[in-house]
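**Student:** Okay, here's the prediction I keep looking at, along with the sequence it came from:
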Amino acid sequence: MKFLHTFRRCFLPAVAALLFAGAAHAQTKLTIVSWGGAYTASQQKGYHEPYMRANPNIEIVNDDSGSGALAKLRAMQSTGKVTWDLVDMVAGDAIIACDEGIAVEIDHDKVLASAPDGTPASKDFGDLIVNDCYIPTIVYSTTFGYRTDLVKKKPTKIADVFDLKKIPGKRALEKRPNNNLEWALLADGVKPNKVYKMLGTEKGVKRAFKKLDTIKDQVIWWEKGAQTPQLLADGEVVIGSTYNGRLFSVIEEEKQPVAMMWDWQMFDLDGWIVPKGGKNEAEVMKYLYFATDTQRLADQAKYISYGPARKSSAPLVGKHAELGIEMGPHMPTAPANAKHTLLVDFEFWANNQDDLTERFNAWLAR
Amino acid sequence: MSQVLVTADGVPLKTSLARAQRRSKLKAVALVAPLFVFIAVAFFVPIIDMLFRSVENQLVGEVLHRSMPLLQKWDERSGELPEEEVFAALALDFREAKENKSGGRVGRRLNYEKPGFSGLFRKSARGADRMEAPYREAFIALDEKWGDIENWRVIKRESAPYTISYYLAALDMGYADDGGIARNSEDGRIYLKLFWRTLWMSLFITFLCLILAYPISYLLSVLPTAKSNLLIILVLLPFWTSLLVRTTAWIALLQQEGVINDLVVWFGLVDDDNRLAMIHNRTGTIIAMVHILLPFMVLPLYSVMKTIPPSYMRAAKSLGATPFTAFVRVYMPNTVAGIGAGAILVFILAIGYYITPALVGGQSGTLISNFIAFHMQNSLNWGLAAALGAILLGVVLVLYFLYDKIVGIDNMKLG
Amino acid sequence: MSLPVYATLPEKIWHYTYLSICALIFFFLIAPVVVVIPLSFNAVPFFTFTEEMLTFDPAGYSLKWYRDFFTNLNWQGAVKNSLVIAVFATLISTTLGTVAALGLSRSEMPHKSVIMGILISPMIVPLIISAAGMYFFYSKIGLSSTHLGVILAHAALGTPFVVITVTATLVGFDHSLVRAAATLGASPQRTFFRVIVPLILPGVISGALFAFITSFDEVVVVLFVGSYEQRTIPWQMFSGIREQISPTILAVATLLVAVSILLLTSVELLRRRSERLRGITPH
């Protein structure tokens, strides 16, 4: 009798605890690494929340350490203890990740959903799939915003950024060679399809730096995407480059006297890579099928003004979820904005990044 | 005949003393040992591990394990491309590399030496499957870079298990076409300049901190405790405030439309069109860094000054010294330990800071640490990061050694 | 500090100049902290005094960054992690550092200066190098992205401060006190806690303070060694910086300043009270 009593008192709760623990184990936690701020928020609302609603057994955790992701992933890999399940990367980093063998290669047509009309994913994404590991989600552009109240004449073309007479005052540019060298050559009259060929030669690099020389002492160099909006809001610069989504929020959300100058915006990509050795690869693939389908990519654009990477998503882009304004015209891919665009040549930068970064910094230090 | 002194229990005194000394020596060692082991494992081993990375270079030889031994026989001065057997082995290596995804890593490794390898290796790993003999022609047909002797020279050089090329790169040098070592051309020189800039900026910041910290530490040390404790809060508050917050606060203060410029214009010291440029340049970096590091100078100085009895100065004055002489000849020498501790602390912290200069430094805001972080996190050129780190460490150790000779580390005092 | 009655005019002039110089330096120290407080109530996400703020228009002010702090789980976790990591790192470094300092200050200690040099090396090596080394090695032994890893890393960075401060207080330590306690029949433990500890306590406390701050405001190592689960306040501040420098960091800073003013003044009040009770008047 006493035994049974003890049994009831001790054993049953233990069984219950075991069952409960079992239930807790069915809960899969996916750690997704991204950039934080408004960008992660847009992924949370556009992808994660609907997915978690549909799959109550999945819990998605946002890790905002996107900026050091590449190196951290490589270090994790060397120990075999990979704690991340999915990582958001710009295309250039994704190429390195794939080269280094730290990202899983993906059969895009198998893993990803086709477009509603049946177009396979690889066609729908097109040449934005820069390598076998990468699943692009958005097209963003690095472009210019200017203070409408501080410029006498509106800047309309890239050459105006380099024209101190037309647009006097400080300008903000990113402290790295990427984009700046391309813009310098474009402003110097090089044909867009010759830009990367030029930059591959010593003469072209010299020419780009020479063009940059003309504005060097009027430039404030930024390192973090958040700096240019701050510099514009403060009136520290009259014009500056940054990601178009950041400018969107300065203009539409914060109502600052800033306008866009889209001429020769540089298209770049952001997207997913699946780290090799992650614990939940099968679950991640299921998530990806959902989160990169046509509707989801279009949904993200409700929260941030980056263009969906699928061609089929473009017509579905609607209104901003909170501001209620049409997002279509704010997309870098909108026809009015995309008259002159250049897609970053990822192959070129994969080969020349280190070399040109050092030359760029040597030039800065001169 | 000498008599041996013995203790009460009959042991010779000498032995007993030696034993006691050994015991207390052991005791001293035992007290230090836990921390020593901890520092060795948690700190020293990681540093040594990192230094090893600056010369380690196994990758190329490991992945291209068939072709590299054959390549060693090739004479790079012959002016001829390597033999067909090298190319054939290379094709096999590439097929294997494609299987285990190691080709891209070798490409990136060689790309540090010469731009273009990254793409070349990616392309070749993809193309090697379809290649057929003769392989030399097949490779050159795939990409003409395989026909460039210069590229082969780089591959052969970097197939050795250890390399000095990271150190060369860190010193703005590289291999010339003839295989000798030469300085980079003018627009490829960066690191020496950065080392120099980092050093003088850190020294200058340390100096400014000392100048600013000395008077207030003195004031704190002579004020009655109740008052000085209130003032110390003014030192500790910025100490508690995150450096990112303080950096952004300085941006708000120093920028063109910032608080200080507004005040200066309001007072009519400068007119509205000529607002002072105090940020996004060297001035801004120095102001913000001095502010961030000043408490590290004040606290050690203050604690040392507090131990100096006021009677020293009075004695000097009563012996006929002017207040100035008394201060310089009597008071200041007594504060050397505090100056030393504060200075070394501030200098070391300054030399390793890169976030503040990056955010407020503008064109001149890149320091050597930025590049170490860049190669650690963005380019994944960990060898170069390690080499740059090793050189920086070397410089610091030399300075530290000098400091030890002049001040002595045992003399260091903090709060 | 007050002037003696017999001070001459130049002495008086110098005295007041000196005081004003000091006032300016204190102002320099505190100005950015003061600026942070109003900016943390900014209605727009920029670090600027807007027109509305300057005219004291209520529309220019907002509590949204405080709301963000109190509702955002990332920040709550960051505060918790910062405290946990800093407290444990401080405990480890204070314990090990104090014990080692006791050994180091014994005259029988062999190779004293070499060992001292090694023990304080984490302070001598620039942070970026320590961070790089720990980053590689800790991930090799499975310590990266763990609380333990960050705590050990911070403890290693904090120990030199403890070693230095405690050794400094022990320089003037009169070892005959220990012998006196022993002859009076105190056990070694009792001697330690009743004689040695009270004497070295100021050194231990200030060393611990340095160690705590080192961990609490450390960015580089925690960015390299830590991960989301170990996010500290500085980690949280820096991780989203590509997208946004959110003024929430100003709200956090303001709260920290408020808390530390409270702590520091209450410590000061307690000290005064205990002095009064002990019959010592502050001079």
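**Tutor:** Received the coordinates, thanks.

**Student:** Helix or strand: which one has the spatially most central residue of chain A?
**Tutor:** Closest residue to the average C-alpha location of chain A: residue A:270 at 3.3 Å, with C-alpha atoms, centre = their mean. Per DSSP states H and E, residue A:270 falls inside strand A:258-273.

**Student:** Which strands or helices does the helix or strand following that strand pack on?
**Tutor:** Sequence order places helix A:281-291 as the next helix or strand after strand A:258-273, per DSSP H and E. In terms of contacts (3 or more C-beta pairs under 8 Å, 6 or more residues apart in numbering or on different chains; DSSP states H and E), helix A:281-291 is packed against strand A:28-33, helix A:49-54, strand A:58-63, strand A:86-90, helix A:108-111. C-beta coordinates here come from the backbone N, C-alpha and C atoms, glycine included.

**Student:** pLDDT (mean, whole number) over the fourth one?
**Tutor:** Mean pLDDT, computed over strand A:86-90, is 95.

**Student:** could you check the angle strand A:86-90 makes with whatever helix or strand comes next after that strand?
**Tutor:** Going down the chain from strand A:86-90, the next helix or strand is helix A:91-99, by DSSP H and E. Orientation of helix A:91-99 against strand A:86-90 (axes from the mean of the first three to the mean of the last three C-alpha atoms, to 10 degrees) gives an angle of 130 degrees.

**Student:** can you tell if helix A:91-99 touches chain C?
**Tutor:** No - applying C-beta under 8 Å from any C-beta of the partner chain, one finds helix A:91-99 separated from chain C by no less than 12.2 Å.

**Student:** got the CA coordinates for that helix in PDB?
**Tutor:** Only the C-alpha atoms of helix A:91-99 are listed here, as PDB (Å, rounded to 0.1, in the frame of the first residue of the first chain):
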ATOM      1  CA  ALA A  91      25.900  38.300 -52.400                       C
ATOM      2  CA  GLY A  92      29.600  39.000 -52.100                       C
ATOM      3  CA  ASP A  93      29.800  37.300 -48.800                       C
ATOM      4  CA  ALA A  94      27.700  34.400 -50.000                       C
ATOM      5  CA  ILE A  95      30.200  33.800 -52.800                       C
ATOM      6  CA  ILE A  96      33.000  33.600 -50.200                       C
ATOM      7  CA  ALA A  97      30.900  31.300 -48.000                       C
ATOM      8  CA  CYS A  98      30.200  29.000 -50.900                       C
ATOM      9  CA  ASP A  99      33.900  29.000 -52.000                       C
END
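
**Student:** Measure how far it is from the centre of its chain, please.
**Tutor:** 13 Å (C-alpha atoms, centre = their mean, to the nearest Å).

**Student:** list the helices and strands it packs on?
**Tutor:** By 3+ C-beta pairs under 8 Å, 6+ apart, helix A:91-99 packs against helix A:69-79, strand A:258-273, helix A:346-365, helix B:103-113.

**Student:** what mean pLDDT does the strand holding residue A:270 have?
**Tutor:** Mean predicted confidence for strand A:258-273 is 95.

**Student:** Show me what it pairs with in its sheet, parallel or antiparallel.
**Tutor:** Paired neighbours of strand A:258-273 in the sheet (DSSP bridges): strand A:86-90 (antiparallel), strand A:135-147 (antiparallel), strand A:341-343 (parallel).

**Student:** Going by neighbour count, list what's buried in the last one.
**Tutor:** Put plainly, it is strand A:341-343. Buried residues in strand A:341-343, counted by 16 or more other C-beta atoms under 10 Å in any protein chain shown: A:341, A:342.

**Student:** Give the rounded mean pLDDT of it.
**Tutor:** 93.

**Student:** Which residues does it contact?
**Tutor:** A:141, A:182, A:186, A:192, A:195, A:264, A:265, A:266, A:267, A:332 (C-beta atoms under 8 Å, 6 or more residues apart in numbering or on different chains).

**Student:** Do you have the strands of chain B handy? List them.
**Tutor:** B:173-175, B:181-183 (DSSP state E).
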